[in-house]
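Q: sequence unknown, structure follows:
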C-alpha cells in the first residue's frame, strides 16, 4: 500500500516540476513571477486548450487582489496542478476537428480558401483576433495555392496524448 502512495506522490511531484519548468521559461527576472500576458502561452504549453473566456477566468483566479500585471508562481502552481489533475481544457479530438472543417467545406474539396477561413474564424462564435488569425494562417496556409488543406493542418496540430 505504501508503494501506491509513493507512486501517486511522485506523479504530483512530476506535475509540479512540469508546471514550474514551463513557468520559469517566462520568468525573465528569476523572481517567481511572469507577465500576466504570458499565462495563456504557459497553460497551452502544458497541453491545455482553454478558450479566451476560460483563460480570463483562470487569470482572475490567480491574479493579486490589486492587479500588478504579474502572476506569482505560488498562486499559479496549485491552480495549474488542479487543472492538470482534473484534465480540464483537453484538446478537441482530431475527428471532431475534421468534422468541423468538413461542415465549413460545403463543396467537399478538402480545403478552404484563406478568405473563407478568415470569414468563419472572425465572424462566427468566439471570434479570433487579428493576431490569432495571422498565427493560424502562418501554420495552416499553403502559400502556393493560398488555401488551407485542413487534413494536413490537423495532422500537424493535433497533440498526441500517448
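A: On my side now, so go ahead. Since the model is a prediction, treat every value here as computed from it, not as a measurement.
Q: helices of this protein, residue ranges please.
A: 2-25, 39-45, 52-62, 73-85, 94-104, 114-123, 130-140, 150-157 (DSSP state H).
Q: which one of the ones you listed lies nearest to residue 32?
A: helix 73-85 (4.1 Å; C-beta to C-beta). In this view, the C-beta of every residue, glycine as well, is placed from N, C-alpha and C.
Q: what average pLDDT does that closest one get?
A: Mean pLDDT, helix 73-85: 96.
Q: list of residues touching that helix?
A: 12, 15-16, 18-20, 23, 27, 32-34, 39, 42-43, 46-48, 58, 61-63, 89 (C-beta atoms under 8 Å, 6 or more residues apart in numbering).
Q: switch the cut-off to 7 Å
A: 15, 16, 19, 20, 23, 32, 46, 48, 58, 61, 62, 89 (C-beta atoms under 7 Å, 6 or more residues apart in numbering).
Q: how close does the fourth one sit to residue 43?
A: Just to be clear, that refers to residue 20. Distance, residue 20 to residue 43, using C-beta to C-beta, to the nearest Å: 14 Å.
Q: between the two, which one's more packed in?
A: residue 43 (24 against 15; other C-beta atoms under 10 Å).
Q: which non-adjacent residue is nearest the more buried one?
A: In this structure, residue 43 finds its nearest non-sequential neighbour in residue 50, 6.3 Å apart by C-beta to C-beta, 6 or more residues apart in numbering.
Q: residues near residue 50, how many?
A: Using other C-beta under 10 Å, residue 50 has 16 neighbouring residues.
Q: ok, now which ones touch it?
A: Listed by C-beta under 7 Å, 6+ apart, the contact set of residue 50 reads 43, 58, 89.
Q: at 8 Å what do you get?
A: Counted by C-beta under 8 Å, 6+ apart, residue 50 has contacts 40, 43, 44, 58, 88, 89.
Q: quick one, what contacts residue 141?
A: Residue 141 touches 114, 147, 148, counting by C-beta under 8 Å, 6+ apart.
Q: one more time with 10 Å, if that's ok
A: If you count contacts by C-beta atoms under 10 Å, 6 or more residues apart in numbering, residue 141 has them with 112, 113, 114, 117, 147, 148, 149, 153.
Q: so what's the residue count around the first one?
A: Read that as residue 112. 24.
Q: with the last one instead?
A: Counted with other C-beta under 10 Å, residues neighbouring residue 153 total 20.
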